[in-house]
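J.: Next come a sequence and a model predicted from it.
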Amino acid sequence: MIKRPALLLLISLPLCALAQNQKRPTDLKGVLLEELRTTHNEEDWFVPANIAVQGMTAEQAKWSPGNGQHSVGQLVYHLVFWNTRELADVKGEKSPKFSGNNDETFNNFDDKQWNALVKQLDDVLTEWEKAVEAADDAKIAASASLIAHTATHNAYHIGQIVYVRKLQGSWDASKGVK
């Protein structure tokens, strides 16, 4: 019989070996880019956005578990809204007009535009990566907190997307979350 500490060690060894085999960034720009990429299209500790929405129909995207919970489409609309707005700020561009009511950042989802919205999400996340790649050290230092919070916000809502898909029965567990 394997005792609990030994079992935990056996389970964690493959994860430690995997982490050691991957070269992790050591500078601020590299860490921020890693955060953005792993919430966009690079598989790492969790499912990235592109995989979370992959293969969904507009009908599936508008489904909600009820009780005021958001649909995948609403969550994606919210991510596009905030990523576009925060990216404009980092780039020194004028942000889109906003009333200040965060509910509006979810509730303007139109399932007829689902495929375009998925593309918008991919596009804005790609633009984030390009902006950080092109930024000098001073810009990175000035924007680091916002960039890190944006990636964290993305990861949070991507987790919700996967959860809603699991509740709906449209999630393929082979994509990374059983």
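T.: Received, thanks.

J.: Could you tell me the model confidence score at P48?
T.: Per-residue pLDDT puts P48 at 98.

J.: That one against T38, yeah?
T.: Yes - if you go by Cβ atoms under 8 Å, P48 and T38 touch, sitting 6.0 Å apart. Every C-beta, even on glycine, is put in place using the N, C-alpha and C of the backbone.

J.: so what's the residue lying closest to I147 once chain neighbours are set aside up against?
T.: Of all residues not flanking I147 in the chain, L32 sits nearest, at 4.8 Å (Cβ to Cβ, 6 or more residues apart in numbering). By Cβ atoms under 8 Å, 6 or more residues apart in numbering, the contact list for L32 reads 132, 140, 144, 147-148, 151.

J.: Quick check: the two most widely separated of the residues you listed?
T.: Maximum pairwise distance among the contacts of L32 (Cβ to Cβ): 13.5 Å, between I140 and A151.

J.: neighbours of the residue nearest to Q60 when sequence neighbours are not counted, just the number please.
T.: What sits nearest to Q60 in space, not counting adjacent residues and going by Cβ to Cβ, 6+ apart, is S170, at 5.0 Å. S170: 16 surrounding residues under other Cβ atoms under 10 Å.

J.: Does S170 lie in a helix or a strand, and which?
T.: Assigned by DSSP states H and E, S170 falls within no helix or strand.

J.: Check S143 too.
T.: Using DSSP H and E, S143 maps to helix 137-168.

J.: how far is that helix from where the chain is centred?
T.: Remark: helix 137-168 is offset 5 Å from the chain centroid, using Cα atoms, centre = their mean, to the nearest Å.
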